[in-house]
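Asks: model the following, please.
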Amino acid sequence: MFESLGDRLSGVFDRLRGRGALTEADVRAAMREVRIALLEADVALPVVREFVDKATEQAVGQQVLRSVTPGQQVVKIVHDALVEMLGAEEAGLELAAVPPVVVMMVGLQGSGKTTTTAKLAKRLTEKERKKVLMASLDVARPAAQEQLAVLGRQTEVATLPIVPGQSPVEIARRALNAAKLQGYDVLMLDTAGRLHVDQALMDEMKAVAEVSAPQEVLLVADAMTGQDAVNVAKSFSDEIALSGVVLTRLDGDARGGAALSMRAVTGRPIKFAGTGEAIDAIEPFHPERIAGRILGMGDVVSLVERAQETIQVEEAEALAKKMAKGQFDLNDLRNQLRQMQRMGGLGALAGMLPGLGKMKNQINQSGVLEGNVLGRLDAIIGSMTPRERLKPDLMNAKRKIRVAKGSGTTVQEVNKLLKMHQEMSTAMKKIRKMGGLGKLGALFGGGGMGGMGGMPGGGALPPGGFPGLPGGQSGAPFNLPKNFKK
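Replies: Model prediction:
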């Protein structure tokens, strides 16, 4: 979402970093470009003014201009101002009250309230070990209550039985009683939305709030609606005491101004962000990490957390044992590719690694990520027989033609995959000769590196990167342009 803004800001700061000394005029000129970049990204004008004024005031100070690295100092000031704009504190749900804790979801129709309700309920059940009950109060939209019931079955979270003809207030009372009697920790109320802010919606929302006394009132806003999302947030915050905001579709290609403005306009923290269509695609909103992504500093912490969630411990341990013996077949390579897919694919990983923002754009322009490279590689391995996967040396010309036809690829791509495996296998054997993963980890300060592959000692990647992938050695599944810089 923040790619265009990040590109603009990176261009501004690259020019600053390239200069040994800065004058006040240099800094002010850069801040004018930052102002334009934020306005183009749909950030609200009052928020932009406050942001730029505060950052400029600090950046033109003598401490910065006389610094050894004035360009870096300016970047840090802008980073800190971005974190403050997004909300310096990381805010989660307040669940310490006497159960059942009532969480009320509000927002316009189409913002993703019902799906977000299910996503949050699933997260609370799995991560917080809470017993959650969901109830749909939307009697206006056809099949809205049935939709929540379906999502409840999908996420294995209980939903309030549907009783036709009841009003939202009556449903809220029944849900509260059911939650108390059945010992639920959290009650999530999915209220009705409208196509626009109207008084009937506000009156109904207030009536439900009076009956249920919610500890959390979360505004669900679509991050792709731009400035209108900010106006909606202001309308809701004027009518009801919001406790936080949930932004949906943060994985979209919108300019991201709504996300940057929301905290300043409502005065309430952004608590969660929807990052995809999948039922588990929601994560806590971390202002500092988002600011790092925007400025191209990466987000290694989120990358590690995602790796911890997706790593299959049994697979990792089995592969570590094989690697200790210097063994690495195509089944192992396939498991590594699938793990990268579970972590979001090459694009998501590149966006989280410091300094790879520009490389990600170059990769996109070169077409490396087109057509789902990881999926194509998986298809090639899937078209081989179990024996061929265990013994890649069996792959002769006739077998390669058969595999290429079966996977919808070319013989050249099959050859590149086999070359990728050969390089990784060679690297595994070298590691074994060096004394195994333990000795390799000791070279880097001991303890093991916990690499991208999720194996102890980080041994899933050979020295120099993932062969055939951006930043790796030779054998890329798709040729990069000659001017592509690693």
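
Asks: from the chain's centroid, how far away is stretch 42-54?
Replies: 25 Å (C-alpha atoms, centre = their mean, to the nearest Å).

Asks: who's in contact with that stretch?
Replies: 31, 34-35, 38-39, 81-82, 84-85, 226-227, 230, 254-258, 260-261, 264-265 (C-beta atoms under 8 Å, 6 or more residues apart in numbering). Bear in mind the C-beta positions are built from the backbone N, C-alpha and C, glycine included.

Asks: helix or strand: which one has residue 102?
Replies: In the assignment (DSSP states H and E), residue 102 maps to strand 101-106.

Asks: so residue 234 touches residue 266, yeah?
Replies: Yes: assessed by C-beta atoms under 8 Å, residue 234 is found in contact with residue 266 at 7.1 Å.

Asks: neighbour count winner among these two?
Replies: residue 266 (20 against 16; other C-beta atoms under 10 Å).

Asks: for the more buried one, give me its contacts.
Replies: 219, 233, 234, 236, 237, 242, 245.

Asks: name the element the first one belongs to?
Replies: Which is residue 219. Going by DSSP H and E, residue 219 is in strand 216-222.

Asks: okay, the angle between that strand and strand 101-106?
Replies: 30 degrees (axes from the mean of the first three to the mean of the last three C-alpha atoms, to 10 degrees).

Asks: quickly note the distance from residue 116 to residue 97.
Replies: Going from residue 116 to residue 97 by C-beta to C-beta, to the nearest Å gives 21 Å.

Asks: meant to ask about residue 85, not that
Replies: Residue 85 is 30 Å from residue 97, by C-beta to C-beta.

Asks: look at the two and report which has more neighbours.
Replies: The neighbour comparison of residue 85 against residue 97 (other C-beta under 10 Å) goes to residue 85, with 24 against 11.

Asks: thinking the more buried one is in contact with residue 262, fair?
Replies: No: with contacts defined as C-beta under 8 Å, residue 85 does not count as touching residue 262, sitting 9.8 Å away.

Asks: nearest residue to residue 115 other than its sequence neighbours?
Replies: residue 151 (6.9 Å; C-beta to C-beta, 6 or more residues apart in numbering).

Asks: typed the wrong thing, it's residue 220
Replies: Closest to residue 220 by C-beta to C-beta, 6+ apart is residue 107, at 3.8 Å.

Asks: ok, which stretches of the stretch 51-200 of the chain are strands?
Replies: 101-106, 132-136, 158-159, 186-190 (DSSP state E, counting those that start in this stretch).

Asks: let me see the mean pLDDT of the third one.
Replies: Looking back up the chat, that one is strand 158-159. Per-region confidence: strand 158-159 scores 95 on mean pLDDT.

Asks: tally of neighbours for residue 25?
Replies: The burial count for residue 25: 9, using other C-beta under 10 Å.

Asks: and residue 393, by the same measure?
Replies: When neighbours are counted by other C-beta under 10 Å, residue 393 comes out with 8.

Asks: can you tell me how far it sits from residue 413?
Replies: Remark: distance between residue 393 and residue 413 (C-beta to C-beta) = 19 Å.

Asks: over to residue 12?
Replies: 40 Å.

Asks: same thing with residue 153?
Replies: 41 Å.

Asks: which one of these two has more residues nearby?
Replies: A count of neighbours by other C-beta under 10 Å puts residue 413 above the other of residue 153 and residue 413, at 21 against 10.

Asks: packing partners of the helix or strand hosting the more buried one?
Replies: Residue 413 belongs to helix 411-433 when elements are defined using DSSP H and E. Here helix 411-433 touches helix 313-324, helix 330-342, helix 373-382, helix 397-407, going by 3 or more C-beta pairs under 8 Å, 6 or more residues apart in numbering; DSSP states H and E.

Asks: how near is the closest residue to residue 91 other than its chain neighbours to residue 417?
Replies: Nearest residue to residue 91, sequence neighbours excluded (C-beta to C-beta, 6+ apart): residue 269, at 3.8 Å. According to C-beta to C-beta, residue 269 and residue 417 sit 46 Å apart.

Asks: same check, this time on residue 197
Replies: Following C-beta to C-beta, the distance that separates residue 197 from residue 417 is 54 Å.

Asks: who's more crowded, the two?
Replies: More neighbours surround residue 417 than the other of residue 197 and residue 417, with 28 against 15 (other C-beta under 10 Å).

Asks: my read: that one touches residue 377, true?
Replies: Yes: using C-beta under 8 Å, residue 417 is in contact with residue 377, at 5.8 Å.

Asks: ok, residue 130 - contacts?
Replies: Going by C-beta under 8 Å, 6+ apart, the list of residues near residue 130 reads 95, 124, 185, 186.

Asks: kindly recompute the last result at 10 Å.
Replies: 93, 95, 99, 100, 101, 121, 123, 124, 157, 184, 185, 186 (C-beta atoms under 10 Å, 6 or more residues apart in numbering).

Asks: between the residues you listed, which is closest to residue 141?
Replies: Of all the contacts of residue 130, residue 121 has the smallest distance to residue 141: 19.1 Å, by C-beta to C-beta.

Asks: ok, the closest one to residue 391 distance?
Replies: 48 Å.

Asks: also residue 113?
Replies: 53 Å.

Asks: between these two, which one's more packed in?
Replies: Counted by other C-beta under 10 Å, residue 113 and residue 391 do not tie: residue 113 has more neighbours, with 27 against 12.

Asks: gap between that one and residue 228?
Replies: 16 Å.

Asks: what does residue 147 give?
Replies: Taken as C-beta to C-beta, the span from residue 147 to residue 228 is 24 Å.

Asks: those two: which has the busier surroundings?
Replies: Shown here are residue 147 and residue 228; by other C-beta under 10 Å, residue 147 has more neighbours (17 against 14).

Asks: what sits against the more buried one?
Replies: 114, 115, 118, 136, 138, 141, 190.
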